[in-house]
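Undergrad: have a look at this fold, sequence not included:
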């Protein structure tokens, strides 16, 4: 019975972790970068790692495969633990993203201790499972009558729908759509921006130094040398809501008469960002490894944008969502073209 309980606990942890990482793949890529994973491996690992976790969770349910799945869980946890220990030796704070948006947290000593505890559970299942892994966690299904089976299936369907709704909610917030709609309904754009932790209008913009496509380092002060304001546009290759705006941003970057020079700051793998830049004719694209810079400007979703004046001060409230960013573009002093975005 102890081994069975340990199997179910471990399966639940790995199932939640895998589903959470898949729901926040962009953040998973950023976390992998912080853990030292090469840029070319982040995209496949951001997909393969959560799929491996889900496979381990499924393998822990049948008694026959449980010991092997437990060994795989132990090895994966050991790899995580080595990475966590490496991060803790540095001074930079890193988002764990261990369970996606369901339990966002920083990598800390607690992360190390939790992994150690899960490794003990995996070891218990692996060692105990060779002799007696306990009953199969799925064998009892065959003994159910029709009414019970239908009831359980209905319950699972409701659970899957609830999880899908939770993940969709998080993805909508990430892309900025829900935030923009709620702000428009409530008229609370200013309050939402303040809640996001961004600096007020007139405050000095947070300084940054980012790598541009092509490899050179670019600082905020360098972008302010041509006596023009800046429009910082935060994007991601996987942000579908960003696409209607990117071509417009590309045209504005080539327009020397525009008072606010657009600068794209993108999450994601540099190769994927490069493909998106070529598709939309973007000239100046900077790469950010995580979402911290966007949050420091009060941008809590994508697409997002904020204006910085030529003196390096915040000149607008942060805009989040395609409609809000389009309105920000249209509201600037230069004759910018309004991008029409369908609601919903």
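TA: Structure's in. What do you need? Note that the coordinates shown come from a computational prediction; the quantities given were computed from them, not determined experimentally.
Undergrad: can you pull out the strands in the chain?
TA: Using DSSP state E, the strands assigned to the chain run over residues 209-212, 217-219, 229-235, 260-266, 285-287, 304-308, 319-320.
Undergrad: which residue ranges form the helices in the chain?
TA: 2-23, 25-34, 39-59, 66-89, 109-132, 146-175, 177-186, 189-195, 220-223, 243-253, 270-280, 292-296, 322-331 (DSSP state H).
Undergrad: now tabulate those helices in a markdown table and tack on mean neighbour count.
TA: Glycine gets a C-beta too; all of them are placed from N, C-alpha and C. What follows is the helices of the chain, written out as a markdown table (neighbours: other CB atoms under 10 Å):
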| stretch | mean neighbour count |
| --- | --- |
| helix 2-23 | 21 |
| helix 25-34 | 23 |
| helix 39-59 | 18 |
| helix 66-89 | 19 |
| helix 109-132 | 17 |
| helix 146-175 | 13 |
| helix 177-186 | 18 |
| helix 189-195 | 16 |
| helix 220-223 | 15 |
| helix 243-253 | 20 |
| helix 270-280 | 17 |
| helix 292-296 | 18 |
| helix 322-331 | 22 |
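Undergrad: relative to residue 98, which of the ones you listed is closest?
TA: With CB to CB as the criterion, residue 98 lies closest to helix 2-23 of the helices of the chain, at 5.9 Å.
Undergrad: can you state the direction angle for that closest one and helix 39-59?
TA: Relative orientation of helix 2-23 and helix 39-59, computed by axes from the mean of the first three to the mean of the last three CA atoms, to 10 degrees: 140 degrees.
Undergrad: would you tell me which one of the strands of the chain is buried the most?
TA: Neighbour counts (mean count of other CB atoms under 10 Å) averaged over each of the strands of the chain peak at strand 319-320, with a mean of 30.
Undergrad: tell me what that strand is packed against?
TA: Other helices and strands packing on strand 319-320, by 3 or more CB pairs under 8 Å, 6 or more residues apart in numbering; DSSP states H and E, are helix 177-186, strand 304-308, helix 322-331.
Undergrad: quickly run through the sheet partners of it, with directions.
TA: Strand pairing for strand 319-320, using DSSP bridges, gives strand 304-308 (antiparallel).
Undergrad: sorry, back to before: just send the strands of the chain back as JSON lines, with distance to residue 329 too.
TA: Listed next are the strands of the chain as JSON lines, based on distance: least, CB to CB, whole Å:
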{"stretch": "strand 209-212", "distance to residue 329": "22"}
{"stretch": "strand 217-219", "distance to residue 329": "22"}
{"stretch": "strand 229-235", "distance to residue 329": "7"}
{"stretch": "strand 260-266", "distance to residue 329": "9"}
{"stretch": "strand 285-287", "distance to residue 329": "17"}
{"stretch": "strand 304-308", "distance to residue 329": "8"}
{"stretch": "strand 319-320", "distance to residue 329": "9"}
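Undergrad: now tabulate these in CSV and tack on mean pLDDT.
TA: Formatted as CSV, the strands of the chain follow (pLDDT from 0 to 100):
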stretch, mean pLDDT
strand 209-212, 92
strand 217-219, 91
strand 229-235, 92
strand 260-266, 90
strand 285-287, 93
strand 304-308, 92
strand 319-320, 89
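Undergrad: among these, which is nearest residue 32?
TA: Nearest of those (CB to CB): strand 285-287, 14.4 Å.
Undergrad: pull out the buried positions in stretch 198-214.
TA: 198, 199, 205, 206, 208, 210, 213 (16 or more other CB atoms under 10 Å).
Undergrad: my guess is the last one contacts residue 277, does it?
TA: Spelled out, it's residue 213. Yes. Using CB atoms under 8 Å, residue 213 is in contact with residue 277, at 6.0 Å.
Undergrad: what residues are shared contacts of these two?
TA: Any residue near both residue 213 and residue 277 by CB atoms under 8 Å, 6 or more residues apart in numbering counts here, and that gives residue 285.
Undergrad: let me know the pLDDT of residue 104.
TA: Residue 104 carries a pLDDT value of 51.
Undergrad: and residue 120, by the same measure?
TA: Per the predicted model, pLDDT is 91 at residue 120.
Undergrad: what's the answer for residue 170, then?
TA: Residue 170 carries a pLDDT value of 47.
Undergrad: residue 235: what's it in contact with?
TA: Residue 235 touches 242, 246, 264, 265, 266, 267, 276, 302, 303, counting by CB under 8 Å, 6+ apart.
Undergrad: now, which of the residues you listed sits nearest residue 98?
TA: residue 267 (18.8 Å).
Undergrad: so the closest one makes contact with residue 33?
TA: No. Contact between residue 267 and residue 33 fails when scored by CB under 8 Å: they sit 9.7 Å apart.
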